[in-house]
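# Mind folding the following:
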Amino acid sequence: MRNQIAAANWKMNLTYQQGEALLDEILKAKVELADHQHAVFAVPFPYLIMAQTKLSARKNYAAAAQNCSDQPAGAYTGEVSAEMLKSINIGYCVLGHSERREYFSEHNQSLAVKTQRCLELGITPIFCCGEPLSIREVDAQESYVEAQLKESLFHFSAEDISKIVIAYEPIWAIGTGKTATSAQAQEMHACIRRQLKEKYGQQVADAIPILYGGSVKAGNAKELFSSPDVDGGLVGGASLVAADFIKIIQALK
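Numbers count the residues shown, from 1 in each chain. You can find the predicted model right below:
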């Protein structure tokens, strides 16, 4: 079975003390993960060492960064490089989240470089893609997402693309309370997998986890994750509530 992943994205929320308490409460539940199941926590940069220390002792629990620079080092005040993440043993990095694209003008070419930086250092990119409401309304979501994948990922070898996790985010469903139906999520996940198959073949396409991101909650996670091409979720608000995120982890296939 493909890896199934419950990925928490804390975004710019919680104080250090609140974040520590949240992780402690989640870990106290002692949810045991199968070999193919993973719980990943994308926390703010100042909390990474704390999170990594707490999570590394548990099987298939890991800390993730929410972003990294497309530069290896230098005079880039305020930026954090993939090399820095590697030096504190961070194994995952979220790239291209819709909020980064919208608020910080991140584009597909820059994300291609960031993905390369992570792959070179053995950090697993969680690459985000997805369409805004205006694209969905004209039924152009498949070609829109295909362009994101082609411009950022499809130059990689089959070996490298197999090391990437993809997160599909219908932007119209992020933080709005709206959620794609399980049928809508499955339709787009199947489309992404079909695009991967056309580029890399069935075996590679079948192996790549594709997460759903867009108002995943404790109450809808099991239904969403039950879809054959949905391999878990990238979870925002619900990941800030221990009881909710515990249920989301338990909803993994």
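# And for E32, nearest residue in space, chain neighbours not counted?
K59 (7.4 Å; Cβ to Cβ, 6 or more residues apart in numbering). Using the backbone N, CA and C atoms, a C-beta is placed for each residue, glycine as well.
# That neighbour contacts V31, doesn't it?
No. Here K59 does not reach V31: they are 10.5 Å apart, not a contact under Cβ atoms under 8 Å.
# and stretch 159-173, which residues are buried?
For stretch 159-173, burial by neighbour count (16 or more other Cβ atoms under 10 Å) applies to I161, K163, I164, V165, I166, A167, Y168, E169, P170, I171, W172, A173.
# Stretch 56-63 too?
Neighbour-count burial for stretch 56-63 flags N60, Y61, A62, A63 (criterion: 16+ other Cβ under 10 Å).
# Give me the pLDDT value at the first one.
In the prediction, the pLDDT value recorded for N60 is 98.
# what mean pLDDT does the host helix or strand of I246 have?
Following DSSP states H and E, one finds I246 within helix 242-250. Mean per-residue pLDDT for helix 242-250: 98.
# who does it touch, helix- and strand-wise?
Helices and strands touching helix 242-250, by 3 or more Cβ pairs under 8 Å, 6 or more residues apart in numbering; DSSP states H and E, are strand 4-9, helix 16-28, strand 232-235.
# rerun that using 6 Å as the cut-off
strand 4-9, helix 16-28 (3 or more Cβ pairs under 6 Å, 6 or more residues apart in numbering; DSSP states H and E).
# Any buried residues in the helix or strand bottoming out on mean pLDDT in the chain, and which?
Between all helices and strands in the chain, the lowest mean by mean pLDDT, DSSP states H and E belongs to helix 133-137, at a mean of 89. Neighbour counts over helix 133-137 (16+ other Cβ under 10 Å) mark I135, R136 as buried.
# Let me see the residues that make contact with that helix.
With Cβ atoms under 6 Å, 6 or more residues apart in numbering as the test, helix 133-137 has contacts from Q141, Y144, W172.
# helices or strands up against the helix or strand following that helix?
The helix or strand immediately downstream of helix 133-137 is helix 141-152, counting by DSSP H and E. Other elements packing on helix 141-152 under the criterion 3+ Cβ pairs under 6 Å, 6+ apart are helix 108-120.
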